[in-house]
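below are the sequence and a predicted model; questions follow.
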Amino acid sequence: MMTAFCIVIGFLFDWTRTRSGTVWSSCILHGVINGSAGAFMLFAKGGHPLLGSVAGVGDIVAFGTLVVLVVLLDGTYRRQLL
């Protein structure tokens with residue numbers, strides 16, 4: 001699950017770096033994800049590992065949907081990918 005999560009989130013890291021022209025935006029996004037993971041774990045105690053974690057199915061679907069929206073709505077980034 002972590003591998004699939006990293007592949008999906010990698011697109012968002014690349015998009016923020018491309019749009020800002022610096023790696024700092026990706027660093028901030030990484031910090032936000034790490035911070036939210038810690039906060040999430042405080043409240044998701046005892047859940048199923050595939051569903052109740054930051055790198056679970058729900059987050060992969062949510063971030064995957066965000067990646068699709070970014071690619072569809074940002075023509076500059078879409079042309080760079082192709």
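Noted; the coordinates are in hand. Residues are numbered from 1 along each chain as shown.

C-alpha from now on. contacts and neighbour counts both.
Fine.

does residue 50 touch residue 2 like I think?
No: judged on Cα atoms under 8 Å, residue 50 makes no contact with residue 2 at a distance of 10.0 Å.

between the two, what contacts are shared?
residue 56 (Cα atoms under 8 Å, 6 or more residues apart in numbering).

tell me where this protein has strands.
Assigned by DSSP state E, the chain shows no strands.

may I ask which helix or strand of it has the lowest mean pLDDT?
helix 24-43 (a mean of 84; mean pLDDT, DSSP states H and E).

what does it rub up against?
Among residues not part of helix 24-43, those counted as contacts by Cα under 8 Å, 6+ apart are 13, 14, 16, 17, 53, 54.

mind putting the residues you listed in a markdown table, pLDDT and neighbour count included?
Below are those laid out as a markdown table (pLDDT from 0 to 100; neighbours: other Cα atoms under 10 Å):
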| residue | pLDDT | neighbour count |
| --- | --- | --- |
| 13 | 95 | 18 |
| 14 | 95 | 15 |
| 16 | 95 | 19 |
| 17 | 95 | 16 |
| 53 | 71 | 19 |
| 54 | 72 | 23 |
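
figure out how far the least confident helix or strand of the chain is from the centre of its chain.
Distance of helix 24-43 from the chain centroid (Cα atoms, centre = their mean, to the nearest Å) equals 10 Å.

alpha carbons of it, as PDB, please.
The C-alpha coordinates for helix 24-43 follow below in PDB (Å, rounded to 0.1, in the frame of the first residue of the first chain):
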ATOM      1  CA  TRP A  24      10.700  24.000  -1.400                       C
ATOM      2  CA  SER A  25       7.100  23.500  -2.300                       C
ATOM      3  CA  SER A  26       7.600  19.800  -2.400                       C
ATOM      4  CA  CYS A  27       9.400  19.900   0.900                       C
ATOM      5  CA  ILE A  28       6.400  21.800   2.500                       C
ATOM      6  CA  LEU A  29       4.000  19.300   1.000                       C
ATOM      7  CA  HIS A  30       6.000  16.400   2.400                       C
ATOM      8  CA  GLY A  31       5.900  18.000   5.800                       C
ATOM      9  CA  VAL A  32       2.200  18.500   5.600                       C
ATOM     10  CA  ILE A  33       1.700  14.800   4.700                       C
ATOM     11  CA  ASN A  34       4.000  13.700   7.500                       C
ATOM     12  CA  GLY A  35       2.300  16.000  10.000                       C
ATOM     13  CA  SER A  36      -1.200  14.900   9.000                       C
ATOM     14  CA  ALA A  37      -0.100  11.200   9.200                       C
ATOM     15  CA  GLY A  38       0.900  11.700  12.900                       C
ATOM     16  CA  ALA A  39      -2.300  13.400  13.700                       C
ATOM     17  CA  PHE A  40      -4.300  10.800  11.800                       C
ATOM     18  CA  MET A  41      -2.700   8.000  13.800                       C
ATOM     19  CA  LEU A  42      -3.900   9.600  17.100                       C
ATOM     20  CA  PHE A  43      -7.500   9.100  16.100                       C
END
